[in-house]
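Asks: Turn this into a structure:
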Amino acid sequence: KDYGAVGNGTTDDTAAIQAAINAAGTAGGGTIIFPCGTYKLNGVWLNVAYSNLVFDGLGCATITQTAPAGYMYCFLVGYSTNAPGGSMVQVHDIRFTGLTFVGSADGSGTKSSYAISVYATGTYSKGSGGSFDIFIDHCNASAFTIGFYATGVTGFHYGPGNFTTGMKFVAALASGGHGVVVDSSFGIWITGNRFVAQLGTGTAGDRHSIYVEPSSTSQLPPEDIHIVDNDVDWRNAAFTTPPLSFEDAVQCLSCQGAIIANNRIRGGRTGIEVNVRYVEMNNVLISGNVVTEGSYAGSQYAGISVASIGFTSTNIIVSNNIIVETASTYFGVLFANITNGQISGNTISITSGAAIELYNSSGVIVGPNTMIGNGTGSYAILNYGTSANNTFIPGGYIYGFVNVLNNPTDPTLTPKTPKLLLFMDSNLAFAQ
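Replies: Take a look at the predicted model:
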């Protein structure tokens with residue numbers, strides 16, 4: 001407020017806040033404090049072209065943005081001006097904390113809006129070209145197409161304590177509705193946050209809580225990713241078939257060196273999806289997550305889905321997760337086109353479909369897992385397509401499936417001991 005910001009929710013505070021940013025930046029860095037209040041931005045973004053800055057809302061400051069027809073941000077980090085036509089500026093050591101961002105997106109129009117966007121363009125790679133060491137914690141966002149976005153960042157830290165809800169899918173763009181999106185970045189930490197989906201008018205609702213991918217321009221795979229200890233509520237009981245919103249709760253595309261662990265996910269078309277775009281994925285650990293209440297029936301949906309269509313992806317481990325799903329024709333864990341992986345130590349409960357499906361996969365170790373059906377589930381393990389050279393490890397507890405193991409195309413997927421099933425009837429099997 002020393003630079004003229006009022007914070008009453010009606011006065012346009014854009015110029016005053018920008019003046020404070022510029023003053024701190026030219027001084028070599030500092031903290032811009034937002035006293036309690038509501039700071040209005042009227043269709044012009046705040047650009048951050050300096051390093052060593054902290055933006056502190058003290059847990060009680062709100063920034064609102066009116067989005068005109070063009071792309072709009074509250075803060076555009078790593079950009080030279082607050083109008084189109086500027087250029088990328090490499091910045092570092094930027095932190096946002098204790099701020100609430102409220103946009104005006106409703107899913108209409110043809111442009112996107114963001115609470116905070118970290119900008120990069122042209123040639124960048126790990127540690128070169130893009131910005132680095134960006135921190136966002138204890139911030140809230142609602143009513144944007146994307147809450148928080150980063151591309152080309154080395155060292156992106158999102159959390160703890162962030163909360164997003166009510167992001168808007170834009171039908172004309174066939175995109176948006178994301179809590180946090182990270183493109184082609186290196187050293188990504190998304191930890192200790194909460195995401196709650198809301199359905200807007202038509203399809204203009206939340207789509208993905210966490211979305212990590214290669215950017216469409218650089219196509220560089222994201223590396224060194226940690227998605228840990230987040231709470232995601234992606235339920236929507238009003239729909240039995242998926243709208244364009246409420247898709248996969250957490251999605252990681254072409255991730256290389258990823259840990260997705262100890263998250264709590266309710267709802268979504270798929271709870272956790274690890275897939276490919278532009279390049280392969282490898283070295284992914286999915287462990288200790290609790291995935292429940294998936295509500296969309298369909299053969300492509302799963303509590304945890306790992307698919308690598310068109311690429312050879314290796315070293316994928318899904319272990320020690322709890323998956324409880326109630327939709328029909330739903331998989332607990334789905335592996336498609338995976339080479340060398342492991343599915344073990346999981347507890348999976350489904351009503352129909354298969355607890356585990358292997359599709360066109362090889363070199364996968366399955367078991368021991370606890371798998372529970374309701375007496376009508378088709379298979380505990382479904383081996384399909386051209387799968388070969390997979391191994392079923394004895395142990396675990398299998399109950400309530402019409403068929404325990406189906407391997408029509410892969411005779412190698414067989415128990416490695418003839419005494420694997422000690423007792424079995426149509427509903428019950430104990431594994432040694």
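Asks: if you skip the residues just before and after it, what's nearest to Val44?
Replies: Thr14 (4.9 Å; CB to CB, 6 or more residues apart in numbering). In this view, the C-beta of every residue, glycine as well, is placed from N, C-alpha and C.
Asks: contacting residues for the one you found?
Replies: 40-42, 44, 46, 82 (CB atoms under 8 Å, 6 or more residues apart in numbering).
Asks: what about Glu213, neighbour count?
Replies: 23 (other CB atoms under 10 Å).
Asks: Just list whatever residues bridge to it.
Replies: Following DSSP bridges, Glu213 is listed with bridge partners Asp183.
Asks: next one: the one 10 residues further on
Replies: Beta-bridge partners of Glu223, counted by DSSP bridges, are Phe186, Gln256.
Asks: ok, now which ones touch it?
Replies: Residues counted as contacts of Glu223 (CB under 8 Å, 6+ apart) are 126, 186-187, 255-257.
Asks: Return the distance of the helix or strand hosting Tyr114 from the chain's centre.
Replies: Counting by DSSP states H and E, the element that carries Tyr114 is strand 113-118. Strand 113-118 sits 16 Å away from the centroid of its parent chain (CA atoms, centre = their mean, to the nearest Å).
Asks: Give me the helices and strands touching that strand, please.
Replies: Contacts defined by 3 or more CB pairs under 8 Å, 6 or more residues apart in numbering; DSSP states H and E place strand 113-118 against strand 72-77, strand 92-102, strand 146-151.
Asks: about what we covered before: so which two of the contacts of Glu223 are the farthest from each other?
Replies: Lys126 and Cys255 (14.1 Å; CB to CB).
Asks: who's more crowded, these two?
Replies: Cys255 (27 against 17).
Asks: Verify the stated contact: the more buried one with Pro221.
Replies: Yes - counting by CB atoms under 8 Å, Cys255 does reach Pro221; the two are 7.0 Å apart.
Asks: who touches both of the two?
Replies: Common neighbours of Cys255 and Pro221 (CB under 8 Å, 6+ apart) are Met281.
Asks: one step back: please name whichever of the contacts of Thr14 scores lowest on pLDDT.
Replies: In terms of pLDDT, Asn82 ranks lowest among those, with 84.
Asks: on that earlier part again, same list (the contacts of Thr14) but as TSV, adding distance to Asn315.
Replies: Rendered in TSV, the data for the contacts of Thr14 read as follows (distance: CB to CB, whole Å):
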residue	distance to Asn315
Lys40	50
Leu41	45
Asn42	50
Val44	47
Leu46	42
Asn82	45
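Asks: Looking at those residues, which is nearest Phe55?
Replies: Leu46 (9.2 Å).
Asks: where along the protein do the helices fall?
Replies: 14-26 (DSSP state H).
Asks: worst-scoring helix or strand of it, pLDDT-wise?
Replies: strand 421-424 (a mean of 29; mean pLDDT, DSSP states H and E).
Asks: count of neighbours near the nearest residue to Thr110 once chain neighbours are set aside?
Replies: Excluding its sequence neighbours, the residue lying closest to Thr110 (CB to CB, 6+ apart) is Ala172, at 4.7 Å. Using other CB under 10 Å, Ala172 has 11 neighbouring residues.
Asks: Distance-wise, check the spatially closest residue to Arg277 that is not a sequence neighbour relative to Val212.
Replies: Among residues not flanking Arg277 along the chain, Leu253 sits closest, at 4.4 Å (CB to CB, 6+ apart). From Leu253 across to Val212, the span is 7 Å (CB to CB, to the nearest Å).
Asks: Settle it for me: which of those two has more neighbours?
Replies: Between Leu253 and Val212, counting by other CB under 10 Å, Val212 is the more crowded of the two (28 against 19).
Asks: got the contact list for the residue nearest to Val306 when sequence neighbours are not counted?
Replies: Counting by CB to CB, 6+ apart, Val274 is the residue found nearest to Val306 once chain neighbours are left out, at 4.8 Å. By CB under 8 Å, 6+ apart, the residues touching Val274 are 251-253, 255, 258, 260, 281, 284, 286, 304-307, 316.
Asks: want to throw these into TSV with pLDDT and distance to Ile146?
Replies: What follows is those, written out as TSV (pLDDT from 0 to 100; distance: CB to CB, whole Å):
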residue	pLDDT	distance to Ile146
Gln251	94	14
Cys252	95	16
Leu253	95	16
Cys255	94	19
Ala258	96	21
Ile260	97	20
Met281	92	23
Val284	95	24
Ile286	97	24
Ile304	94	24
Ser305	93	23
Val306	94	25
Ala307	90	24
Ile316	94	28
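Asks: can I get those in a markdown table with distance to Ile33?
Replies: Compiled in a markdown table, the contacts of Val274 are given as follows (distance: CB to CB, whole Å):
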| residue | distance to Ile33 |
| --- | --- |
| Gln251 | 36 |
| Cys252 | 35 |
| Leu253 | 38 |
| Cys255 | 37 |
| Ala258 | 36 |
| Ile260 | 35 |
| Met281 | 42 |
| Val284 | 40 |
| Ile286 | 40 |
| Ile304 | 43 |
| Ser305 | 44 |
| Val306 | 45 |
| Ala307 | 46 |
| Ile316 | 45 |
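Asks: Can you tell me which of these lies closest to Asp206?
Replies: Using CB to CB, those come closest to Asp206 at Gln251, 12.8 Å.
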